[in-house]
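> need coordinates for the below:
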Amino acid sequence: MARRKKKDAEKTKYFAKVRGQAEAIPQELLKKLLRQKYHIVGTHSAVKMCQWTASILRGEVGCYKNAFYGIQSHQCIQSTPVLLFCNHACVFCWRMMPEEGLKFKDMPKKGFAWDKPKEIVGGFIEAHRKTVSGFGGNPKTSKKIFAEANNPKHVALSLTGEPSMYPYIGELLEEFHKRGISTFLVTNGTYPFMVGKWETLPTQLYVSLVAPNKEVYLKAIRPDSPILWEQYMKTLGMLPELGKKTRTVLRMTLTRNVNTQPISGYAGQILLAKPHYVEVKSVVFVGGARLKERGLSTESMLKMEEMREYAKELAKLTGYLYAGEHVPSRIVLLCRDEKALKTRIIDFGTIEKGKG
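Sure thing, here's the model as predicted:
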């Protein structure tokens, strides 16, 4: 008996539904996103299951956020409120990039209608539950873990894009906190005027530390405009004050022969921002990073021993403490001082309206 052919993605009811709600996403890009198991939420947002969520559901180990900060990986929503929009095109990014058909010209224009924060939050929770639903009958998944996974307690606003471009990010964070859901928001720091307006801050505010100086920044990060470097530096200058209100982190993505040197440039930025934590991480050669246009290879990744040595040198230059590591992610955690070291595990009882 001949095997039935699978339906073309465009001919499924689900594709038609998503196509109707997210008209701004180009057809070919939408097909690619759905193949990669993105769950489109509303007009411009998305959720995608993290590999570490699946790992916990299979009875295996959790992510570095679990090891460093106590986040339960299976209760974490990996998401973005800005699926289409970013003003960076980092050569090491594993997400959608300009050479894949997403251009800077596709960014929000006059008349673009943003979804409401409450709609996005509800959509994220629903989408997360759909992503984990298939584990309900998995013999490796305990009933307790599965039940917990259906009750998310954390959201990482980091999947793709630049979240500061969503004009209601403060209200979005507040909606999550009202529901007792902690928030980790990752920004590239190029919208200091937006960050300064947020009345509600994330539980943990990340700024991506991607280049030691402007020369490397322009070559490796390929920003929409050269002035974004100055805006990024302004955000770093805001972090010491923001750090009095919420937890702050600088997150590095180190790529061999691209952005590892000079290390003194990174040390200077850390000393300027004075974050509670610094995550020193190697690039991973997956997804978009594998495209030949990027010029990367498996050799672009730093080995764990190299990450340890790099982090120790940064600690020496900044006075930060070497606090931990997560070998599968090739990442090392540095803490600003003993207080940051002792309080790095989040007290989830404080996640409520008005609090980070």
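
> phi first, then psi, for the residue nearest to Val18 when sequence neighbours are not counted.
Excluding its sequence neighbours, the residue lying closest to Val18 (C-beta to C-beta, 6 or more residues apart in numbering) is Ile40, at 4.8 Å. Placement of C-beta: from N, CA and C, glycine included. Main-chain dihedrals, Ile40, degrees, to the nearest 10: phi -80, psi 130.

> so how far is Gln78 from Ile40?
Ile40 is 14 Å from Gln78, where distance means C-beta to C-beta, to the nearest Å.

> got it, and Ala267?
From Ala267 to Gln78 the distance is 31 Å (C-beta to C-beta).

> ditto for Met49
According to C-beta to C-beta, Met49 and Gln78 sit 7 Å apart.

> for Ala289, see how far away the nearest residue to Val286 once chain neighbours are set aside is.
Among residues not flanking Val286 along the chain, Trp94 sits closest, at 5.1 Å (C-beta to C-beta, 6+ apart). Going from Trp94 to Ala289 by C-beta to C-beta gives 5 Å.

> check this protein for its longest strand and report it.
Longest strand of the chain, by residue count under DSSP state E: strand 247-254.

> one step back: Ala267 and Gln78: which has the busier surroundings?
For Ala267 versus Gln78, neighbours defined as other C-beta atoms under 10 Å are more numerous around Gln78 (24 against 19).

> which stretches in the chain count as helices?
13-21, 27-35, 51-57, 64-69, 117-132, 143-149, 169-178, 192-195, 214-216, 228-242, 263-273, 304-318, 338-342 (DSSP state H).

> can you redo these as TSV with distance to Gly295?
As requested, the helices of the chain are exported to TSV (distance: least, C-beta to C-beta, whole Å):
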stretch	distance to Gly295
helix 13-21	33
helix 27-35	22
helix 51-57	25
helix 64-69	27
helix 117-132	33
helix 143-149	38
helix 169-178	33
helix 192-195	31
helix 214-216	14
helix 228-242	22
helix 263-273	22
helix 304-318	20
helix 338-342	37
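
> which residue packs closest to the spatially most central residue of the chain, ignoring adjacent ones?
Centroid-nearest residue in the chain: Ser158, 2.1 Å away (criterion: C-alpha atoms, centre = their mean). In this structure, Ser158 finds its nearest non-sequential neighbour in Val186, 3.9 Å apart by C-beta to C-beta, 6+ apart.

> again with Val278
Spatial nearest neighbour of Val278, excluding adjacent residues (C-beta to C-beta, 6+ apart): Leu334 at 4.2 Å.

> rewinding a little: partners of the residue nearest to Val18 in the sheet?
Beta-bridge partners for Ile40, by DSSP bridges, are Ala46.

> neighbours of it, how many?
22.

> ok, now Leu271?
13.

> so what's Tyr322 up against?
311-312, 315, 332, 334 (C-beta atoms under 8 Å, 6 or more residues apart in numbering).

> how about a cut-off of 10 Å?
Tyr322 sits next to 280, 308, 311-312, 314-316, 332-335, 341 when contact means C-beta atoms under 10 Å, 6 or more residues apart in numbering.
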